[in-house]
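*Asks:* Provide a 3D model corresponding to the input given below.
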Amino acid sequence: MGQAPVLWWVRRDLRLSDNPALHAAVASGAPVIPVFICDDLVDGLGAAPKWRLGLALEAFAAALEAAGSRLILRQGKAFDVLSALVAETGASAVHWTRQYDPQQIDRDRKVKKALAETGLSVESHAGHLLFEPWTVETGTGGFYKVYTPFWKSVRDRDPGAPLSATPSLGSPAAWPESDALADWELGAGMHRGAAVVRPHVTVGEEAARGRLGAFLAHRVDAYDRARDIPGIDGTSGLSENLTYGEIGPRTVWAAGQRALSDGKAGAETFLKELVWREFSYHLIYHTPRIATGNWREEWDTFPWRKDNADAEAWRQGRTGVRFVDAAMREMYVTGRMHNRGRMIVASYLTKHLMTDWRIGLRWFEDCLIDWDPAANAMGWQWAAGSGPDAAPYFRVFNPDTQLNKFDRDGAYQKAWLAELYDEPSETALSYFDAIPRAWDLSPDDPYPDPVVGLSEGREQALAAYQAHRAA
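*Replies:* Just a heads-up that it's a prediction; the model follows:
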């Protein structure tokens, strides 16, 4: 009692176990005050990720209460909030988990410098990734630009064992005041969609660990093949929890390594997918332009279309191309989209509809509960051709061929395309409850004809690519 506390600035690390920033704060021996700040970066999140963040904060606050602590909520500029809390509590140090996208790096550097100038001890920690981006280098000392060599470089590395849960954070002599989470109205942008998406959300550290355990116990063996089938539950679903730090990447890595040692057939592929996330952060750290501009700068002159009526049909899931429309509708009902669906809808928008990838990137940023700045940017640019795709040609996926290959029994179409069936599935009908009323769509509407023929769209895209290369 009476000892100066330390502040733990909680960000995308909403967990008590395998949390180096929290571990360091507790190891100081001082009482720990967890604080989450709703600053302009949080306030600027899209509707779905902001709503999902609110659910994560609610669950984490309850977990802290159960551990004898509490989550302090404050709104404002990060430096102003932290400075005010230091003055109120007499805190002697601030700890946080590092982030790697350009906006957060810029904010954190400024906050760290300004706090240190006041004489405060300020420490940032690893924890959001397996490997810090600057620690993975090519043989010549540069950063990796292609995934496969990156994977080979890190696959045998030991990121360290996950840290156990902290038994107690201690309590300060007096807790500072906190905002009420409900007053922030983080879910306001979801409107009626929140009620539709909520049953499909898995929130909190305990639920995330349960999700990992169930996947490794029942589905990892078939992961190599099942992850490509959008009509079945063949993936881990952990992207949602990793993005808010409800589970640590080292926890996932260690569990995947155990499955690999046990001879689980799909374990290595699962670990590769986790490292794909690492690669996206490797790129956004070393080439921050990937977040908003063409990673391959020679693509700056490519003649993509600006927003257009075809892009609006894409947004509505009304392109007349079944795989594209099913995937978009899955996103509105569940808040997530199957990985193959993401690849198909991104390829279709940027190739068949010749629309700028940033239009799709911003739409996903608004609609995905598992939105991640690095993965979203790299995924869109990989699909568009302006990013880190090692293929020596301009890749154009045929959505119909892909659907015939990966949805042979029609389960995915049945799940999401109400207009095609006399007795639509519940999930297909839920799409009409989730979308904006302004779209004025009904399951009784006829299914649309394709906005562009697939062969025609492909030929136009290839012609534009050849002309761009020649220029």
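
*Asks:* Going by C-alpha atoms from here, please, whenever you check contacts or count neighbours.
*Replies:* OK.

*Asks:* pLDDT below threshold where in the chain?
*Replies:* Applying pLDDT under 70 to the chain flags residues 1-2, 390, 392-393.

*Asks:* Give me the domain ranges for it.
*Replies:* Domain assignment for the chain, taken from automatic domain parsing, gives 1-126, 129-159+193-286, 297-470.

*Asks:* in which helix or strand would I find Ile33?
*Replies:* Using DSSP states H and E, the element containing Ile33 is strand 32-38.

*Asks:* need the next SSE after that strand, C-terminal direction.
*Replies:* helix 40-43.

*Asks:* how about that following helix as PDB, C-alpha atoms only?
*Replies:* C-alpha atoms of helix 40-43 as PDB (Å, rounded to 0.1, in the frame of the first residue of the first chain):
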ATOM      1  CA  ASP A  40      -8.300   9.100 -32.700                       C
ATOM      2  CA  LEU A  41      -7.000   5.900 -34.100                       C
ATOM      3  CA  VAL A  42      -9.500   3.800 -32.100                       C
ATOM      4  CA  ASP A  43     -12.200   6.300 -32.900                       C
END
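
*Asks:* The next helix or strand after that helix - contacts with which helices or strands?
*Replies:* Using DSSP H and E, the helix or strand that follows helix 40-43 towards the C-terminus is helix 47-66. Counting contacts by 3 or more CA pairs under 8 Å, 6 or more residues apart in numbering; DSSP states H and E, helix 47-66 packs against helix 357-367.

*Asks:* The helix it packs on to helix 47-66, inter-axis angle?
*Replies:* 40 degrees (axes from the mean of the first three to the mean of the last three CA atoms, to 10 degrees).

*Asks:* which strands and helices sit next to the following helix or strand past helix 357-367?
*Replies:* Later in the chain than helix 357-367, the nearest helix or strand by DSSP H and E is helix 373-384. Counting contacts by 3+ CA pairs under 8 Å, 6+ apart, helix 373-384 is packed against helix 267-286, helix 339-347, helix 357-367.

*Asks:* Identify all contacting residues around the longest one.
*Replies:* Outside of helix 267-286, the residues within contact range by CA atoms under 8 Å, 6 or more residues apart in numbering are 100-102, 129-131, 133-134, 143-145, 147, 150-151, 220-221, 223-224, 249, 253, 256-257, 259-260, 290-291, 374-375, 378.

*Asks:* Looking at those, which are in helices?
*Replies:* 102, 147, 150-151, 223-224, 249, 253, 256-257, 259-260, 374-375, 378 (DSSP state H).

*Asks:* Which one (most neighbours) among those?
*Replies:* For the ones in helices among the contacts of helix 267-286, the largest neighbour count, defined by other CA atoms under 10 Å, is 26 neighbours, found at Met378.

*Asks:* Any chance you could give me stretch 200-208 in PDB, C-alpha atoms only?
*Replies:* Provided in PDB are the C-alpha atoms of stretch 200-208 (Å, rounded to 0.1, in the frame of the first residue of the first chain):
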ATOM      1  CA  HIS A 200     -21.200 -15.600 -34.900                       C
ATOM      2  CA  VAL A 201     -18.700 -13.900 -32.700                       C
ATOM      3  CA  THR A 202     -16.300 -15.700 -30.300                       C
ATOM      4  CA  VAL A 203     -15.200 -13.200 -27.600                       C
ATOM      5  CA  GLY A 204     -12.500 -13.200 -24.900                       C
ATOM      6  CA  GLU A 205      -9.400 -15.000 -23.900                       C
ATOM      7  CA  GLU A 206     -11.100 -18.100 -22.500                       C
ATOM      8  CA  ALA A 207     -13.200 -18.600 -25.600                       C
ATOM      9  CA  ALA A 208     -10.200 -18.100 -27.900                       C
END
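
*Asks:* Show me which residues of that stretch are buried.
*Replies:* Residues of stretch 200-208 classed as buried by neighbour count (16 or more other CA atoms under 10 Å): Val201, Thr202, Val203, Gly204, Glu205, Ala208.

*Asks:* and what of stretch 155-175?
*Replies:* For stretch 155-175, the neighbour count (16+ other CA under 10 Å) marks Pro162, Thr166, Leu169, Gly170, Ser171, Pro172 as buried.

*Asks:* do stretch 305-314 as well
*Replies:* Within stretch 305-314, the residues that count as buried by 16+ other CA under 10 Å are Asp310, Ala311, Ala313, Trp314.

*Asks:* which residues are in contact with that stretch?
*Replies:* Here stretch 305-314 makes contact (CA under 8 Å, 6+ apart) with Thr319, Val324, Asp325, Met328, Leu349, Leu353, Met354, Thr355, Asp356, Ile359, Val451.

*Asks:* Just the element for the fourth one, please.
*Replies:* Just to be clear, that refers to Met328. Assigned by DSSP H and E, Met328 falls in helix 322-334.

*Asks:* who does the strand or helix carrying Trp9 pair up with?
*Replies:* Assessed by DSSP H and E, Trp9 sits inside strand 6-10. Strand pairing for strand 6-10, using DSSP bridges, gives strand 32-38 (parallel), strand 93-97 (parallel).

*Asks:* For Ser239, which of those is the nearest?
*Replies:* Nearest of the strands paired with strand 6-10 to Ser239, taken as CA to CA: strand 93-97 at 18.4 Å.

*Asks:* so how far is that closest one off the chain centroid?
*Replies:* Its chain's C-alpha centre and that of strand 93-97 lie 23 Å apart, by CA atoms, centre = their mean, to the nearest Å.

*Asks:* now do stretch 429-439
*Replies:* On the basis of CA atoms, centre = their mean, stretch 429-439 sits 24 Å off its chain's mean C-alpha point.

*Asks:* got the buried residues for that stretch?
*Replies:* Result for stretch 429-439 [16+ other CA under 10 Å]: buried residues Leu429, Ser430, Tyr431, Phe432, Asp433, Ala434, Ile435.

*Asks:* what's the burial count for the closest residue to Ala222 other than its chain neighbours?
*Replies:* Excluding the flanking residues, the one nearest Ala222 by CA to CA, 6 or more residues apart in numbering is Gly266, at 5.9 Å. If you count neighbours by other CA under 10 Å, Gly266 ends up with 21.

*Asks:* Isn't Gly266 up against Arg227?
*Replies:* No - using CA atoms under 8 Å, Gly266 is not in contact with Arg227; the gap is 9.7 Å.

*Asks:* residues shared between the contacts of those two?
*Replies:* What both Gly266 and Arg227 touch, as defined by CA under 8 Å, 6+ apart, is an empty set.

*Asks:* List just the one of the strands paired with strand 6-10 that sits closest to Phe394.
*Replies:* The closest of the strands paired with strand 6-10 to Phe394 is strand 93-97. By CA to CA, the value is 38.5 Å.

*Asks:* hey, where'd the strands end up in the stretch 351-471 of the chain?
*Replies:* Along the stretch 351-471 of the chain, no segments are classed as strands by DSSP state E, counting those that start in this stretch.

*Asks:* I meant the stretch 101-250 of the chain, not that one.
*Replies:* Secondary structure of the stretch 101-250 of the chain (DSSP E, counting those that start in this stretch): strands at 121-125.

*Asks:* List every C-alpha atom in stretch 462-471, with coordinates, as PDB.
*Replies:* Taking Å, rounded to 0.1, in the frame of the first residue of the first chain, the C-alpha atoms of stretch 462-471 are listed here in PDB:
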ATOM      1  CA  LEU A 462      -5.000  -8.900 -69.300                       C
ATOM      2  CA  ALA A 463      -5.100  -6.400 -72.100                       C
ATOM      3  CA  ALA A 464      -4.700  -3.500 -69.500                       C
ATOM      4  CA  TYR A 465      -1.800  -5.400 -67.800                       C
ATOM      5  CA  GLN A 466       0.000  -6.000 -71.100                       C
ATOM      6  CA  ALA A 467      -0.400  -2.300 -72.100                       C
ATOM      7  CA  HIS A 468       0.800  -1.200 -68.700                       C
ATOM      8  CA  ARG A 469       3.900  -3.400 -69.000                       C
ATOM      9  CA  ALA A 470       4.600  -2.100 -72.400                       C
ATOM     10  CA  ALA A 471       4.300   1.500 -71.200                       C
END
